[in-house]
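J.: please find the sequence and the predicted model below.
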Amino acid sequence: MGQTYMNSQLCYLNDRVQKRFQTVLADWQANNGTTRLWQKDSTLWTGNDESEWLGWFDIVDTQLARVRELNKYRSELAVSSFSHALLLGMGGSSLCPEVLAKSFGPQKGYPELLVLDSVDPQQIRAFEKRIDLKRTLFIVSSKSGSTLEPNCLMDYFLERVKKELGEKEAVHRFVAITDPGSSLELKAQQLGFRRIFHGVKSIGGRFSALSDFGMVPATIMGINVEEFIRVTHPMVVACRRNSIEDNPGIQLGLVLGAAYLEGFDKLTVICSPPIRYFGAWLEQLIAESTGKGGKAIIPVVNEALQPAEYYNHDRLFVQLRFIPAPDPEHDAQVQTLIKAGHPVVVIDVRSLPHIGQEFFRWEIATAVAGSIMRLNPFNQPDVEASKAAARKITAEFERTGNIQTGTPDEQFGNLKVYIAPHLAPVLRPAFKTSFTNGLQHFLGLLNPKDFFALLAFVEMNPDTETALQQIRHLVLQRKKVATCLGFGPRFLHSTGQAYKGGPDAGVFLQITYTPSVDLPVPGKKFTFAAVELAQAQGDFQVMAERARRILRIHVEGDLLAGLKELIHAVKIATT
């Protein structure tokens, strides 16, 4: 087991990965990889438009030059009467703010930042109940300005605040973060939003954490952004060094690439509890950047740690240790993984502002890993497929007033089963026998180095997450494969790229339900429940067309009762 330590980064690599790492390192150095990276040489990847998406290289210096502007806005909010700030966004526009809100928590004297990245009507209603509409600042965050979900949410809450405060005062409670010239900028100008902040066109959404998409919400919630950026800056300097031993981002990227080439393609992230939400941001960065062309590093986040014998040798483990709050149990479990020969990287995060360093370290590492994998880490060619299918379904709803849900293959009480057409010859006879027998055959599709993913288009709350984690845990323990959990539609802007564009290595269980409440989308003939169902059906359709091993279970009636039934069935099916 090789071991290197550098810049709060300790790598334990087994013989296979260590040998490949040395080969990859020698090739990187022989080809002047670091110099070419910082020269924005697109031939380091595929020679296409990669150089046009590297504006994040310089964003920390840019933000350092404008911290006075951000501090001024922070001071303005300190004397405001806002109790909450509700960010409406998806993917790269929402995940960094969520990390900061959950990690730092509410800051005294500033609005509490909440992040809503769902069109589930029950989830929207739950967020609405948490805030005082009269004392909330709304942040509409969308790089393109045309993303369906934040636009629907903006229209909904704008209507709600207008009823409370009148139109003139309502629009003054909204700020926008978007790229210059976007449709959102135009609308915000026309309506008279309180402020408009701009992204950088040469920075893709998932690489935008340190741009205004991350730093404006941080400012609004009261984080000292000047300190945050200054703490981040040394990582930028370190990632420019030619010496790989002194360059944490490039070394990590070479490890990711070497591990992938040796078949360790499930990046299992272990975060200390105070920074556990960092995993969701990292999940999008890795999956959307590497999951294309039949290749992928599959991120595995918030999976319960198991004894070493439960893991196949297809995982690279990364532990992010939050130094101010030691976790001896995590540390002990990680040591058992190292002793068992699993490759492990341990990264020390020294304070909450050091999260900024991790944003940049991992962005560089992902770019380097993309080079090793010979792909373009800055595009997302398969994300649009599900969006197009969902748009077609919602257009049909506007025309006819309903969504064609199709006839379930089987129904067991309140659980309806929909089988992908290409799997019907195998699964339909099994489900004819019983629900558990059908699930047993479905889960039997898992091969030893596959992964299992739950794709849940349901309200995301502690109860549903706990129930779905139980299903995930059962599959992990019984099948000993990597497991993932994504809530829709947010995962469509994240891991959905890898699930459709990566290798056929996943077995997917999609879960949908009929919400007990629904909400209209202002100015549209469809509702939020219709949008959610359209997105689920669109994704199922695209996955089935690509011959992915996917099954859909729709819960009628009480969602938690339905999930309880499913847990019981999975328990029997995996015995």
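T.: Ah, there it is.
J.: quick one: the helices in the stretch 1-150 of the chain?
T.: Under the criterion DSSP state H, counting those that start in this stretch, the stretch 1-150 of the chain contains helices at 15-30, 33-38, 59-65, 67-78, 95-104, 121-130, 148-165.
J.: any idea of the pLDDT on Asn7?
T.: For Asn7, the pLDDT comes out at 53.
J.: scratch that, Glu396 is what I was asking about
T.: 74.
J.: now do the SS call for the residue lying closest to Tyr418 once chain neighbours are set aside.
T.: Using C-beta to C-beta, 6 or more residues apart in numbering and skipping residues adjacent in sequence, the residue nearest Tyr418 is Arg552, 3.9 Å away. Heads up, the C-betas are built off the backbone N, CA and C, glycines and all. Following DSSP: H, G, I helix; E, B strand; the rest coil, Arg552 is assigned to strand.
J.: and Arg321, helix, strand or coil?
T.: strand.
J.: name the element the most centrally placed residue in the chain belongs to?
T.: For the chain, Gln284 is the residue whose C-alpha lies nearest the centre (C-alpha atoms, centre = their mean; 3.7 Å). Following DSSP states H and E, one finds Gln284 within helix 278-290.
J.: packing partners of that helix?
T.: helix 95-104, strand 266-271, strand 298-301, helix 355-373, helix 496-501 (3 or more C-beta pairs under 8 Å, 6 or more residues apart in numbering; DSSP states H and E).
J.: isn't the residue nearest to the centre of the chain right up against Phe207?
T.: No. Gln284 lies out of contact with Phe207 (C-beta atoms under 8 Å); the separation is 10.3 Å.
J.: who touches both of these two?
T.: Shared contacts of Gln284 and Phe207 (C-beta atoms under 8 Å, 6 or more residues apart in numbering): Gly92.
J.: quick one: the strands in the stretch 451-575 of the chain?
T.: Ranges of strands within the stretch 451-575 of the chain are 451-457, 482-487, 506-513, 549-555, based on DSSP state E, counting those that start in this stretch.
J.: what is the neighbour count of the closest residue to Pro377 other than its chain neighbours?
T.: Of all residues not flanking Pro377 in the chain, Gly370 sits nearest, at 3.0 Å (C-beta to C-beta, 6+ apart). By other C-beta atoms under 10 Å, 25 other residues sit near Gly370.
J.: likewise Gln541?
T.: Using other C-beta under 10 Å, Gln541 has 19 neighbouring residues.
J.: quick one: contacts for it?
T.: Ala389.
J.: can you check Ala420 too?
T.: With C-beta under 8 Å, 6+ apart, Ala420 has these contacts: 540, 543-544, 548-551.
J.: can you pull the phi/psi pair for Val481?
T.: phi -120, psi 160 (degrees, to the nearest 10).
J.: against Gln497, how distant is it?
T.: 21 Å (C-beta to C-beta, to the nearest Å).
J.: the more surrounded of the two?
T.: Ranked by neighbour count (other C-beta under 10 Å), Val481 and Gln497 place Gln497 first, with 29 against 23.
J.: what is the neighbour count of the spatially closest residue to the more buried one that is not a sequence neighbour?
T.: Among residues not flanking Gln497 along the chain, Glu288 sits closest, at 4.4 Å (C-beta to C-beta, 6+ apart). Glu288 has 30 neighbours, counted by other C-beta under 10 Å.
J.: so which bits of stretch 163-182 are buried?
T.: 170-179, 182 (16 or more other C-beta atoms under 10 Å).
J.: likewise stretch 259-276?
T.: 259-262, 264-272, 274-276.
J.: now the helices for the stretch 301-450 of the chain?
T.: According to DSSP H, counting those that start in this stretch, the helices that the stretch 301-450 of the chain contains are 328-339, 355-373, 383-400, 424-433, 435-443.
J.: please disregard the earlier target; I meant the stretch 451-575 of the chain.
T.: 462-479, 496-501, 528-545, 559-573.
J.: could you look over the ones you listed and pick the most buried one?
T.: Greatest average neighbour count among the helices of the stretch 451-575 of the chain goes to helix 496-501 (a mean of 27), per mean count of other C-beta atoms under 10 Å.
J.: give the other helices and strands that it contacts.
T.: helix 278-290, helix 383-400, helix 528-545.
J.: redo that, cut-off 10 Å
T.: Helix 496-501 sits against helix 278-290, strand 298-301, helix 383-400, strand 451-457, strand 482-487, strand 506-513, helix 528-545, with contacts defined as 3 or more C-beta pairs under 10 Å, 6 or more residues apart in numbering; DSSP states H and E.
J.: what angle separates the first one from helix 95-104?
T.: Right, the one you point to is helix 278-290. Compare the direction of helix 278-290 with that of helix 95-104 by axes from the mean of the first three to the mean of the last three C-alpha atoms, to 10 degrees and you get 160 degrees.
J.: chain center to helix 278-290: distance?
T.: Distance of helix 278-290 from its chain centroid, counting by C-alpha atoms, centre = their mean, to the nearest Å, is 5 Å.
J.: quick one: it to helix 355-373, angle?
T.: 30 degrees.
J.: tell me the angle helix 278-290 makes with strand 266-271.
T.: Going by the same axes, to 10 degrees, helix 278-290 makes 160 degrees with strand 266-271.
J.: give me the angle between helix 278-290 and helix 383-400.
T.: Using the same axes, to 10 degrees: helix 278-290 against helix 383-400 is 100 degrees.
J.: could I have helix 278-290 exported to CSV, CA atoms only?
T.: The C-alpha trace of helix 278-290 is given here as CSV (Å, rounded to 0.1, in the frame of the first residue of the first chain):
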residue,chain,number,x,y,z
PHE,A,278,-20.4,18.8,0.5
GLY,A,279,-21.0,15.4,-1.0
ALA,A,280,-24.1,16.5,-3.0
TRP,A,281,-22.1,19.2,-4.7
LEU,A,282,-19.2,16.8,-5.4
GLU,A,283,-21.7,14.3,-6.7
GLN,A,284,-22.8,16.6,-9.5
LEU,A,285,-19.3,17.7,-10.3
ILE,A,286,-18.0,14.2,-10.8
ALA,A,287,-21.0,12.6,-12.4
GLU,A,288,-21.8,15.3,-14.9
SER,A,289,-18.2,15.9,-15.8
THR,A,290,-17.1,12.2,-16.3
